[in-house]
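In: Sequence first, then the predicted structure, then my questions.
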Amino acid sequence: MAAQFPGIKPSSRSFKLGNYPTKVYRAASGATVKRAFGNRPFGYELELAFENISDATAVQILDHYDATQGGFERFTLPAELFAGMATALTGKIQSPALIKWEYAGAPEVQSSIVGRSSVTLSFVGELDY
Amino acid sequence: MAEIRIAQYFKLITSIGVVHRYQNYFVGETKTFLSESYGFAPFRAEGAMATLNGDNETLQVLFPNIEVALRLVEQGNGNRLSELTLTTAWLNASGQILTTLTDYYIGIGASFSETTIELRYRSAIDSVGSAFPGRTLTRDLVGPLPLNSELYLR
């Protein structure tokens, strides 16, 4: 069981839907045929920014990164990350069918003033059946 | 039709009679095909799926190196002499099967890498040799021996 991401409200969110597993064959004539290899999208992307949070809160995020072995273990995202968003839209992002999240890269931390930092995170949502 | 959806149904009977059934299209779902249940497994099949002359072509089925695939190999004596029925199914947009093509293979072994398990197969039936049934050229077959290279069987 992967560690739970801390319930912190982000400053900004950016989300990209997943792609369906398809390939396109293009003939010399330009005509195309598409083949689907599965019935579920994968590779969702979510970027979160936490501006000027306390260093202690930043440490919580970094601890979570370590607890999940930096992208190796997948996890679910808490509702606090989607505060202020309509429920229907939250459902599309927080928990798409069969999708769990993992770190797409290491967290980026920018120290701004004494005791305050900004953290940028990027997640990728992959099929977890 | 410019869109095709292809699922593969993998039914393996190991040399000791254990049956494994998987499909690779409906993620996380169990599908019924010919009254049998097929769970999801992320495998892919490579190699000759069908040939006109059945000349003992090889087929590789690749699984990720997960526990279920490992068990599949270990229970099956290293995939030796297992029986594989591999059905390729064309689906419509709602996931219903339109047409199928089924091939049969015999397991000849397996190999492991750090991320994948490769099961190797050969087609179940070898081709009949071109010299079968053996015939001997006699004067009765060809008549008077020709003066050129043209022979006619009668």
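Out: Ah, there it is.

In: and chain B, which residues reach chain A?
Out: B:2-6, B:24-28, B:40, B:95 (CB under 8 Å from any CB of the partner chain). Quick note: C-beta positions are derived from backbone N, CA and C, even for glycine.

In: For the residues you listed, name the two members farthest from one another.
Out: Farthest apart among the residues of chain B next to chain A by CB to CB are B:Ala2 and B:Gly28. That separation is 27.5 Å.

In: Show me the strands in the chain, by range?
Out: Picking chain A for this. For chain A, applying DSSP state E gives strands covering A:12-16, A:22-26, A:32-36, A:44-54, A:99-103, A:108-113, A:116-127.

In: Chain B, not that one
Out: Secondary structure of chain B (DSSP E): strands located at B:3-13, B:19-23, B:31-33, B:36-40, B:44-47, B:58-64, B:80-91, B:97-112, B:116-123.

In: Mind giving me the packing neighbours of the third one?
Out: Pointing back at strand B:31-33 there. strand B:3-13, strand B:36-40 (3 or more CB pairs under 8 Å, 6 or more residues apart in numbering or on different chains; DSSP states H and E).

In: Between B:Ala2 and B:Gly28, which is the more surrounded one?
Out: B:Gly28 (13 against 9; other CB atoms under 10 Å in any protein chain shown).

In: what's the closest non-adjacent residue to that one?
Out: Spatial nearest neighbour of B:Gly28, excluding adjacent residues (CB to CB, 6 or more residues apart in numbering or on different chains): A:Tyr129 at 3.6 Å.

In: Now for that neighbour: which residues touch it?
Out: By CB atoms under 8 Å, 6 or more residues apart in numbering or on different chains, the contact list for A:Tyr129 reads A:98, B:27-28, B:40.

In: Now which of these would you call buried?
Out: A:98, B:27, B:40 (16 or more other CB atoms under 10 Å in any protein chain shown).

In: Give me the below-cutoff pLDDT ranges for the chain.
Out: Because you didn't say which chain, this covers chain A. A:1 (pLDDT under 70).

In: should've been chain B
Out: Using pLDDT under 70, the flagged stretches of chain B are B:1, B:48-56, B:125-137, B:142, B:145-154.

In: export the buried ones among the contacts of A:Tyr129 to a markdown table and tack on distance to A:Met85?
Out: Formatted as a markdown table, the buried ones among the contacts of A:Tyr129 follow (distance: CB to CB, whole Å):
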| residue | distance to A:Met85 |
| --- | --- |
| A:Leu98 | 21 |
| B:Val27 | 26 |
| B:Phe40 | 31 |
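
In: and chain A, which residues reach chain B?
Out: With the criterion set to CB under 8 Å from any CB, chain A comes near chain B through A:31-40, A:98, A:127, A:129.

In: how about 10 Å then?
Out: Listed as neighbours of chain B in chain A under the rule CB under 10 Å from any CB of the partner chain: A:21-22, A:24-25, A:31-42, A:97-98, A:127-129.

In: ok, of those, which come out buried?
Out: Counted by 16+ other CB under 10 Å, those give A:21, A:36, A:38-42, A:98, A:127 as buried.

In: need the contact list for residue 10.
Out: No chain in the question, so chain A it is. With contacts defined as CB atoms under 10 Å, 6 or more residues apart in numbering or on different chains, the neighbours of A:Pro10 are A:46-51, A:53, A:80-83, A:119-121.

In: ah, I was thinking of chain B
Out: Counting by CB under 10 Å, 6+ apart, B:Phe10 touches B:20-24, B:38, B:41, B:43, B:45, B:61, B:63, B:72, B:84-87, B:119.

In: now do A:Thr68
Out: Listed by CB under 10 Å, 6+ apart, the contact partners of A:Thr68 are A:2-5, A:74-75, A:101-103.

In: just curious, which of the residues you listed is nearest to B:Gly78?
Out: A:Arg74 (31.9 Å).
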